[in-house]
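**Q** Here is the input, now give the coordinates:
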Amino acid sequence: MKDKYYIGKRVKQKTLKEAEQRLVQAKDERIICVVRGAIEHEFMGRSTVRNGLLIITTKRVIFYMPKLFGRYESEEYPLTKITSVQCTRGLLNDRLEIVVASDRKVIKWIPKGDGVRAAHIISNMITGSG
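**A** Just a heads-up that it's a prediction; the model follows:
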């Protein structure tokens with residue numbers, strides 16, 4: 001991508017390039033913000049946490065989770081389906097809560113300040129003022 005966008009603290013360039021190549025191919029979609037964090041994830045009936053990147057584009061919010069041997073998982077949330085976003089600031093990091101339809105997604109361990117910026121961007125995008 002040639003456009004400038006916000007890259008959060010402790011985002012690895014190699015992981016960002018991989019995510020960009022794999023997930024954002026549409027000509028009319030561009031990345032706005034990328035932050036690092038961990039998403040709470042249900043796996044085999046148990047709650048686990050997966051580290052990755054929260055990527056905000058002009059059309060959707062993507063959580064990209066790299067795995068071993070070049071594999072990856074991703075969860076996508078179209079901006080039209082997101083009903084609310086809230087950021088909680090902690091002593092060391094931020095926590096983002098995104099409500100998608102009737103489901104609630106929590107992204108935690110976001111470096112301090114990055115969560116507030118991501119929440120502000122998502123909020124502006126879903127209200128139409130972004």
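**Q** doesn't R60 make contact with E75?
**A** No - E75 lies out of contact with R60 (Cβ atoms under 8 Å); the separation is 10.2 Å. From N, CA and C alone the C-beta is placed, and that goes for glycine too.
**Q** Comparing those two, which residue is more hemmed in?
**A** The neighbour count for E75 versus R60, taken as other Cβ atoms under 10 Å, is higher for R60 (18 against 15).
**Q** Now do the same contact list for the more buried one.
**A** The contact partners of R60, by Cβ atoms under 8 Å, 6 or more residues apart in numbering, come to 29, 76-79.
**Q** ok, E40 touching K108?
**A** Yes - with contact defined as Cβ under 8 Å, E40 reaches K108; the gap is 7.1 Å.
**Q** Touching both of these two, which residues are there?
**A** Residues touching both E40 and K108 (Cβ under 8 Å, 6+ apart) are V49.
**Q** Farthest-apart pair in the contacts of R60, please.
**A** Pairwise distances across these (Cβ to Cβ) peak at 13.9 Å, for the pair E29 and Y77.
**Q** So those two - more neighbours on which side?
**A** It is Y77, of E29 and Y77, that has more neighbours when counted by other Cβ under 10 Å, with 18 against 14.
**Q** Compute the distance between the more buried one and C33, please.
**A** 14 Å (Cβ to Cβ, to the nearest Å).
**Q** List the residues that contact the one residue sitting closest to the centre of the chain.
**A** By Cα atoms, centre = their mean, the chain has its centre lying nearest to L54, at 1.9 Å. Counting by Cβ under 8 Å, 6+ apart, L54 makes contact with 34-37, 39, 61-63, 96, 107, 110, 118.
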